[in-house]
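>>> could you look at this predicted model? Sequence included:
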Amino acid sequence: MTRPLHFNAFVMNTTSHIQHGQWRRPDAHQTEFTDVSTWVDLAKLLEAAKFDAMFFADVSGLYGDADADFDVYLREGLQIPSNDPTVLLSALAVSTENLGLATTSNIVQAHPFTFARQISTLDHISRGRVAWNVVTGMQDNGARNFGLPGLTDHAERYRWAEEYVDVAYKLWEGSWDEGAVLKDRAGSRYSDPAKVHKINHVGERYRVEGPHLPSPSPQRTPLLFQAGSSVSGRTFAARHAEAVFIVSPSPKLAGEQIAETRALARNFGRHDDDLKFFQGLSFVIGSTEAEAQAKAAEHDEWISVDGYLAHSAVVDRTGRVYPPETLLRDVDANNAKGFTEWMRKHITDREPRVADLARQRATSSRIVGTPEQIADRLEEWQAAGVDGVNVVNWVIPGSFAEFADHVLPVLRDRGLAQREYAEGPLRQKLFGAARINERHPAARYRGAFSDDAAVPAPAPATA
């Protein structure tokens with residue numbers, strides 16, 4: 001039986017997110033990203049089309065060499081200026097009823113106590129439709145913005161993330177027991193003190209006493225996205241993620257990554273269906289193949305090579321950018337490790353170079369064709385193990401409107417897209433239950449801080 005794919009709109013609160021140069025087009029309204037109506041109108045369009053979620057990427061600094069000039073990023077509008085997506089979600093939450101709302105937040109940019117409180121608040125406002133894309137950072141400049149000398153070592157960033165999520169899990173799942181909120185006017189008890197607990201976390205990086213200030217939200221722990229594709233990233237995803245964002249160059253390589261990550265998840269005691277994988281894809285749609293190819297050629301005329309090269313900058317462990325002609329086999333990077341690993345697997349007829357990363361961003365993850373041809377290709381991705389698609393736009397709102405009007409009807413006819421939303425919070429819509437399941441490490445903190453409970457030690461972070 002055919003199962004529907006899930007569809008997220010992949011966006012960023014900025015002018016130039018992924019498809020660099022396209023903002024110059026007259027039909028590109030992402031230039032108006034500071035106008036909240038741009039996003040409210042898009043959210044309503046997506047909800048009417050039954051997209052599963054609106055997924056906001058984010059960064060905490062500039063790409064590339066932190067000591068070099070950054071003129072290219074300003075000229076290209078390449079993720080600067082950009083605004084905080086977590087703040088924006090409040091407006092979108094009250095403008096929609098079913099659309100999931102995913103925000104990206106770096107472990108460096110907010111203390112886990114503050115971040116957990118923000119997410120619980122948003123989950124209350126949205127009635128349980130919030131997701132968190134857990135990231136560890138990619139930019140030296142981003143690390144410096146929070147007082148660090150530079151980007152922490154890749155493997156160490158994931159160790160840091162382990163403690164970060166552990167604190168958040170304790171607050172979301174353990175600080176308040178079920179039934180703690182009474183709203184008992186007659187008895188003059190809003191909450192039951194016996195069911196609200198301090199967490200008293202003491203770790204390598206954080207000391208958090210608690211209790212969590214918000215009461216339990218509909219999901220407690222938000223739906224957890226993760227986008228790491230390196231060995232460390234896949235291990236972290238296998239342990240913690242519920243939805244994994246990948247940008248594989250081909251269905252074959254996607255299938256290999258998915259199989260590897262699911263195998264790691266089983267080592268952590270999780271099931272294959274505890275994780276869903278979302279491939280990032282862009283679409284050029286035509287009523288005929290010739291029309292689609294002509295539109296793709298028009299899109300290519302707007303491409304900014306400088307923008308793609310700047311976005312694809314790979315830095316060494318001293319923060320210097322590798323030249324485009326550098327062979328990937330000679331790269332020892334502290335960022336984008338997963339992308340370089342993928343490209344070395346994808347290009348087998350020659351030695352791939354750093355410049356190939358920019359070309360991959362520009363063309364390899366796009367599908368050009370009629371709605372029927374696009375549906376055929378999506379069936380190939382699904383057969384490889386992909387559960388959903390993060391739809392990458394060329395322009396806002398046109399790319400999403402075109403996909404909704406022309407591709408989604410064909411997908412629905414094939415059973416590849418949902419016709420209506422399922423009931424309940426976002427996790428319930430995707431996995432059938434509002435709360436995170438008992439196999440996830442967050443679940444171990446349920447009831448863990450009551451007077452008669454022993455607080456469990458964090459489980460090992462490696463499979």
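Nice, I can see it. Residues are numbered from 1 along each chain as shown.
>>> CA atoms for contacts and neighbours, from now on please.
OK.
>>> how would you label residue 390: helix, strand or coil?
Under DSSP: H, G, I helix; E, B strand; the rest coil, residue 390 falls in the strand class.
>>> now do residue 131
strand.
>>> which strand residues bridge it?
residue 102, residue 223 (DSSP bridges).
>>> got a list of what it touches?
100, 101, 102, 103, 222, 223, 224, 225, 426 (Cα atoms under 8 Å, 6 or more residues apart in numbering).
>>> how about 7 Å then?
101, 102, 103, 222, 223, 224, 225 (Cα atoms under 7 Å, 6 or more residues apart in numbering).
>>> separation between the first one and residue 136?
For residue 101, the distance to residue 136 under the criterion Cα to Cα, to the nearest Å works out to 20 Å.
>>> more neighbours, these two?
Legend: neighbour count by other Cα atoms under 10 Å for residue 101 and residue 136, higher for residue 101 (30 against 23).
>>> in this protein, where is pLDDT below threshold?
Across the chain, the ranges flagged by pLDDT under 70 are 1, 315-321, 324-325, 332-349, 354-364, 452-455, 457-463.
>>> can you rerun that using 80?
Filtered on pLDDT under 80, the chain yields the residue ranges 1, 228-229, 312-364, 451-463.
>>> if we can go back for a sec, which one of the contacts of residue 131 sits closest to residue 185?
Checking the contacts of residue 131 against residue 185 by Cα to Cα gives residue 222 as the nearest, at 30.4 Å.
>>> what are the buried residues along stretch 289-296?
Neighbour-count burial for stretch 289-296, counted by 16 or more other Cα atoms under 10 Å, picks out 291, 292, 293, 295, 296.
>>> counting contacts, what elements does the strand ranked longest in the chain pack onto?
Scanning the chain for the longest strand, with DSSP state E as the assignment, gives strand 276-285. Packing partners of strand 276-285 (3 or more Cα pairs under 7 Å, 6 or more residues apart in numbering; DSSP states H and E): strand 243-246, helix 289-302, strand 366-369, strand 388-392.
>>> now render these as CSV, adding distance to residue 407.
Converted to CSV, these look like this (distance: least, Cα to Cα, whole Å):
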stretch, distance to residue 407
strand 243-246, 21
helix 289-302, 13
strand 366-369, 10
strand 388-392, 12
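>>> what about residue 456, how many residues nearby?
10.
>>> now it: which helix or strand?
Under the criterion DSSP states H and E, no helix or strand holds residue 456.
>>> distance of it from residue 449?
9 Å.
>>> buried set for stretch 206-215?
208, 210, 211, 212, 213, 214, 215.
>>> what's that stretch in contact with?
Residues contacting stretch 206-215 (Cα under 7 Å, 6+ apart): 117, 120, 121, 171, 175, 176, 197, 198, 199, 200, 201, 202.
>>> which two among those residues are spaced furthest apart?
Largest separation among the contacts of stretch 206-215 by Cα to Cα: 121 and 202, giving 24.6 Å.
>>> so between these two, which is more surrounded?
Applying other Cα under 10 Å to residue 121 and residue 202 shows that residue 121 carries more neighbours, namely 20 against 12.
>>> can you give me phi and psi for the more buried one?
phi -60, psi -50 (degrees, to the nearest 10).
>>> now swap in the one 5 residues further on and tell me
Recorded main-chain torsions at residue 126 are phi -90, psi 0, according to degrees, to the nearest 10.
>>> any idea how far residue 417 is from residue 223?
Distance, residue 223 to residue 417, by Cα to Cα: 20 Å.
>>> hang on, the earlier thing: could you dump the buried residues of stretch 206-215 to TSV with secondary structure and distance to residue 401?
Shown next, in TSV, are the buried residues of stretch 206-215 (DSSP: H, G, I helix; E, B strand; the rest coil; distance: Cα to Cα, whole Å):
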residue	secondary structure	distance to residue 401
208	strand	45
210	coil	45
211	coil	44
212	coil	41
213	coil	40
214	coil	37
215	coil	38
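>>> from those residues, which single one is nearest residue 185?
Residue 185 has its nearest neighbour among the buried residues of stretch 206-215 in residue 215, at 17.5 Å by Cα to Cα.
>>> residues in contact with the residue nearest the centre of the chain?
By Cα atoms, centre = their mean, the chain has its centre lying nearest to residue 133, at 4.0 Å. The contact partners of residue 133, by Cα under 7 Å, 6+ apart, come to 102, 103, 104, 105, 224, 225, 226.
>>> same check on residue 2?
Counting by Cα under 7 Å, 6+ apart, residue 2 touches 415, 416.
>>> switch to 8 Å and redo it
Residue 2 is in contact with 414, 415, 416, counting by Cα under 8 Å, 6+ apart.
>>> good, we can wrap up now.
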